[in-house]
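Undergrad: got a structure for you, letters missing:
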């Protein structure tokens, strides 16, 4: 057995080991991809549900609430305007 034979044996062993490592990495990446894709699908469904809920809240709660606040603010401003007409002038004779 010469040194060339050992060299060739080492190259073959390293090639087989590298191939096995690459196959293991590929299997792990495929497994990780499957798990994350199901997680992403679940996340998409959840975000769709949240979007539906937020649009419902906007339609059913926020719009009527802003209308009510606008009406209250308008009435308050009207009352303030009318009350200015009935206020006594400040300062009087000395002021």
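TA: Structure received. Just so it is clear, the model here is predicted, and its values are computed rather than measured.

Undergrad: List the buried residues of the helix or strand of the chain with the lowest mean pLDDT.
TA: Using mean pLDDT, DSSP states H and E, helix 63-86 stands out as the lowest-scoring helix or strand of the chain, at a mean of 87. Under the neighbour-count criterion of 16 or more other C-beta atoms under 10 Å, helix 63-86 has nothing buried. For glycine as for every other residue, the C-beta is placed from the backbone atoms N, C-alpha and C.

Undergrad: Might you calculate how far it sits from the centre of the chain?
TA: Centroid separation for helix 63-86 versus its chain: 37 Å, with C-alpha atoms, centre = their mean, to the nearest Å.

Undergrad: What's the biggest helix in this protein, counting residues?
TA: What stands out as the longest helix in the chain, according to DSSP state H, is helix 3-57.

Undergrad: any idea how far residue 88 is from the residue most central in space within the chain?
TA: Nearest residue to the geometric centre of the chain (C-alpha atoms, centre = their mean): residue 47, 7.9 Å. In this view, residue 47 and residue 88 are 61 Å apart by C-beta to C-beta, to the nearest Å.

Undergrad: Let me know the pLDDT of the residue nearest to the centre of the chain.
TA: At residue 47, the model reports a pLDDT of 91.

Undergrad: how much does the least confident helix or strand of the chain deviate in direction from helix 3-57?
TA: With axes from the mean of the first three to the mean of the last three C-alpha atoms, to 10 degrees defining the directions, helix 63-86 sits at 50 degrees from helix 3-57.

Undergrad: quick one on the thing from earlier: and the residue nearest to the centre of the chain, how close does it get to residue 56?
TA: Distance from residue 47 to residue 56, by C-beta to C-beta: 15 Å.

Undergrad: same question, residue 16
TA: Where residue 56 is concerned, residue 16 sits at a distance of 61 Å (C-beta to C-beta).

Undergrad: Kindly report the same for residue 2.
TA: 81 Å.

Undergrad: the more surrounded of the two?
TA: Higher neighbour count among residue 2 and residue 56: residue 56, with 10 against 7, using other C-beta atoms under 10 Å.
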